[in-house]
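Peer 1: fold the following, please.
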Amino acid sequence: MSWKKDEDTDELGALMNLDHSMVLQEARVFNETPIRPRHSRLLLAKIIFLMYRGDTMPTTEATNLFFSITKLFQCKDMSLRQMVYLTIKELSTVSEDVIMVTSSLMKDMQPKSEITYRANAIRALCKILDPSMLPGIERFIKSAIVEKSPSIASAALVSSYHLFKDSKDVVRRWGNEVSEALNGKSLNQGTSFFGGSAAQNQVVSNSKIVQYHALGLMYAIRQHDRMAVLKMVQAFSSQGKTSSWISSSNAALRSDMAHVLLVRYAVRVMENDPSLLPQLYTMLEEWMGHRSDMVSIEAARAMCQLKEVTAKQLTPAVNVLQQALSASQKPTLRFAAIRTLNALARTHPEAVQPCNVDMEGLITDSNRSVATFAITTLLKTGNEASVDRLMKQMQGFMAEISDEFKIIVAEAVRSLCRKFPGKHSVFLGFLSGVLRDEGGFEFKRAAIEAIVDLAKHVPECKEAALAHLCEFIEDCEFTKLSVRVLHFLGEEGPLTARPTVYIRHIYNRVVLENAVVRAAAVSALAKFGSSPVADASLQQSVRVLLKRCLDDRDDEVRDRAAWALRMSGGSQTTRDKYVRDDSTFALAVLERKLVEYCADSSASAKGSFNFESIPRISRAQEEESRNRTRMENMDAVLTGTTLSAPSGSGRKTGGGESSAPGTPGMGSGTAASGFMDSFEQQAQYASKLNAIPELAAFGEQPLVSSAKAVGLTESETEYVVRCIKHVYESHIVFQFDITNTIPEQVLAQVEVSMEPEEDIEGVLQPVVVVPIPELKCDEPGTAYVAFEHTDPDTFPAVSFACTLKFTVKECDPATGEPEEGDDGFEDEYSLEATDISAGDFMQATYIPDSQALWEALGTNGEAIETFALANFDSIEECITKVCDLLGMCPLEGALKPKSKAAHQAVFTGRWLGRTRAVARTRMTYQKGTGVTMELAVRSEDHTVSELVVSAIA
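Peer 2: Here you go, the predicted model:
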């Protein structure tokens, strides 16, 4: 397809100046007779460009245009027909009654049609087809999958991959055809759907791209059958044996891209099984010697990303990457290798050090992306003596790289600040320099956070760092960054030797900036005036500045200034509580509580919103959560995105509904870590529990805590079960996430029977059991058992013997549907016991000024006990376990002992979300005798203190 290029305007300029209405007016040409192929092609190209550009098209307008285009099927011009297919696919998402064109597309799918027609017709038809109509063309698609023509077979496979999302059961029936396309073998079909003798063998395409698409579709079909995927991986490796569905004589991958997929599938299915890890290591080492560079690089990358890989196992992977750095003339291979080494250097810098010489040669690489990764990797693996030289070289080409790589550089410098604190002047000079250069928001934020991190952890450079930040906000174009810097100046500025220097810069923001920045500046000034080290003269100066802010034109600025003036006249305790307190609410819980409060029409009559029921987190915990998110984002940048296959349906709950994707459970793939994440996860749990009718009434009570998931079976067993405890004020809900791993079985009425091992009569009473109506293979479901806490003064520590009960029905492994007329038989499966302890009733929340609370509570509510914990080999291991048992929030430094011989830690929390409690531990460790710990707990109720202590006993 082409058109004559204008002498004054190029093709791109002509397209960029297209007018939507004029193009639609020109579309009337589709109704003319005879059809003008060249003119119609150009017009279709313009319509597609408008849609790609983002122009919106009303449904009526799109429908009329769609049916005008269908008239072009009367023309046999091949180039025009290709454009018609493409336009139909794009318009099908916004037009109505697109199914009317099915007959024209099915006509083009006939075997006597042109190959180009057939392939494009399959793609277009599968795009507009309703899932209920798929069985009607099933024979067409199955025949196309095993076609000799690569374009037809590939179109059928890719279309099947997209159809799998909505029609899993139908696509799963095509497994034999996909297997034949994958192996490139002849398929003896007897009488062909399109005619032919019974003895005719249909020749299957042996194209590499067809094999690549077939492997992707085969994995999508069998992804929930772990053993089938494992057999597929083993069959295509040299370790493979004869398979029931893949002949060993033809089990060979010719496509390098398919081999890359196989590496990823192997890691996905084998890395979490300890018994298969040795075989996985062997496979990866074998693939590292593959003739294709992309396969060997992918295998090395997979080895570097394994969780518990040792330095010895990393050696062959590093050798492959090192060879790619030194011997390859292809920039893409050098980039892939250096990016993998850069990610590996974060966790195993010693394994990357043998590549330092090769990376030195890449510093001057013409590809600045490769050079950036080389320098940042050398900074992680090198020594302090090389820092100056590398930083100087990095400054030379910062202006030549994109913001994405500038962020990587800033993050690398940030990590080096802690590793080499003696080089703080070099790092600070570099970061302040890049702040003056042009750059986007994310890059400038990364540089700011690096300077903030440097000021926090290297006291020698704090004042110099604050000075650079003051200089930055004088000409900052990003409001959020100005607010961030002002907040940090308010935190650290009052503690310096000359706080007045920073007050001048802050007050300049009140005069010159927008309302958001002015409000942040007022808050920063308030912190200077309320600082415990501020003298009377400084406090008076701050009050004068704050009084000037009372005339500001913005309400928020005036309100903050009035509030700050009011607090400045109070006691130091009041100022610390309302001005300098850096704790904040757990936002996920606060949002959920506010939504529930606003949705309850009678809530206002019951009283005002109770903020005391909202757990709090410290600023350190918030920063830790942000750092963890930042590191995860950097890992995604450094390692690249992972391939994802079409996913199954959502988790089945006891109510028979599917939970939304991403809700906590066995299918989520990531576990929340840290207290801030646990509050967000708890909010998700609460929403999920409130959506179940049998448990909805519990939502009127505050959800005190949700424990971490505990496995009640091994991960390799027939049924995998995890238990999560949810504690309300007067109820306890046990959530059981259950997965059936047997493809030949469907389980019905799945529930968990819980028998207490101690007498709990009059204390806990079972009230609700929510079973799973149907549980198919590898489709996780959730069952619930709820107990009512009938005695509010007794908190039992009790274990429950758990048994999984269900009805077993035989099913077809390919479809997962139970056989008709099979009533099944009842069966049960023993699980490990689960228990309730005192820590389950504690809400882990941060309490500001725990020292003042400790003294205020006094010894009346104190309980003290000494424990000899001989089973622990270190204080760090012991304090982590104690934190889990107490269920309380560790204050800063509690979980990171600085000494191996002695440690002190402080924990805070609220019993049932109401009664405040503070726990202090003192630990000593001696080799041979273990850990000796003294635990002291003070609370507003002496009984609560004793219960907390009993959590350890």
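
Peer 1: tell me if I am right that Val739 is in a strand.
Peer 2: Let me fix one detail, which is that residue 739 is Thr and not Val. Yes: judged by DSSP: H, G, I helix; E, B strand; the rest coil, Thr739 forms part of a strand.

Peer 1: and it, bridged to which residues?
Peer 2: Beta-bridge pairing of Thr739, defined through DSSP bridges, involves Val720.

Peer 1: surely it touches Glu718?
Peer 2: No: using C-beta atoms under 8 Å, Thr739 is not in contact with Glu718; the gap is 9.7 Å. (Glycine included, C-beta is placed from N, CA and C.)

Peer 1: more neighbours: which of the two?
Peer 2: Thr739 (23 against 11; other C-beta atoms under 10 Å).

Peer 1: where are the low-confidence patches of the stretch 851-953 of the chain?
Peer 2: Within the stretch 851-953 of the chain, the ranges that satisfy pLDDT under 70 run 953.

Peer 1: would you map the strands across it?
Peer 2: Assignment of strands within the stretch 851-953 of the chain using DSSP state E, counting those that start in this stretch yields the ranges 862-869, 889-890, 902-911, 915-926, 930-939.

Peer 1: what lines up beside the longest one in the sheet?
Peer 2: Translated: strand 915-926. According to DSSP bridges, strand 915-926 has the following sheet partners: strand 902-911 (antiparallel), strand 930-939 (antiparallel).

Peer 1: quick one: it to strand 862-869, angle?
Peer 2: 30 degrees (axes from the mean of the first three to the mean of the last three C-alpha atoms, to 10 degrees).

Peer 1: run the chain-centre distance for strand 915-926.
Peer 2: Distance of strand 915-926 from the chain centroid (C-alpha atoms, centre = their mean, to the nearest Å) equals 34 Å.

Peer 1: pretty sure Leu163 sits against Asp169.
Peer 2: No: counting by C-beta under 8 Å, Leu163 sits too far from Asp169 to count as a contact (11.2 Å).

Peer 1: more neighbours: the two, which one.
Peer 2: Neighbour comparison, Leu163 and Asp169: the larger count goes to Leu163, with 21 against 13 (by other C-beta under 10 Å).

Peer 1: for the more buried one, give me its contacts.
Peer 2: 126, 129, 131, 134, 170-171 (C-beta atoms under 8 Å, 6 or more residues apart in numbering).

Peer 1: got phi/psi on it?
Peer 2: phi -70, psi -20 (degrees, to the nearest 10).

Peer 1: against Ala220, how distant is it?
Peer 2: Distance of Leu163 to Ala220, computed by C-beta to C-beta, to the nearest Å: 10 Å.

Peer 1: find residues that contact each of those two.
Peer 2: In terms of C-beta under 8 Å, 6+ apart, Leu163 and Ala220 are both contacted by the residues Val171.

Peer 1: could you verify that Ala748 is part of a strand?
Peer 2: Yes: if the criterion is three-state DSSP, then Ala748 is within a strand.

Peer 1: Three-state assignment for the residue nearest to it when sequence neighbours are not counted, please.
Peer 2: Nearest non-adjacent residue to Ala748, counting by C-beta to C-beta, 6 or more residues apart in numbering: Thr807, 4.3 Å away. The three-state assignment at Thr807 reads strand, by three-state DSSP.

Peer 1: beta-bridge partners for Thr807, please?
Peer 2: With DSSP bridges as the rule, Thr807 is bridged to Ala748, Glu826.

Peer 1: does His789 really touch Val704, like I thought?
Peer 2: No: applying C-beta under 8 Å, one finds His789 not in contact with Val704, separated by 10.8 Å.

Peer 1: ok, these two, which is more surrounded?
Peer 2: Neighbour count, other C-beta under 10 Å: between His789 and Val704, Val704 has more, with 23 against 20.

Peer 1: after whichever strand or helix holds Lys107, next one along is what?
Peer 2: Using DSSP states H and E, the element containing Lys107 is helix 102-108. Next along the chain after helix 102-108, taking DSSP H and E as the criterion, comes helix 115-128.
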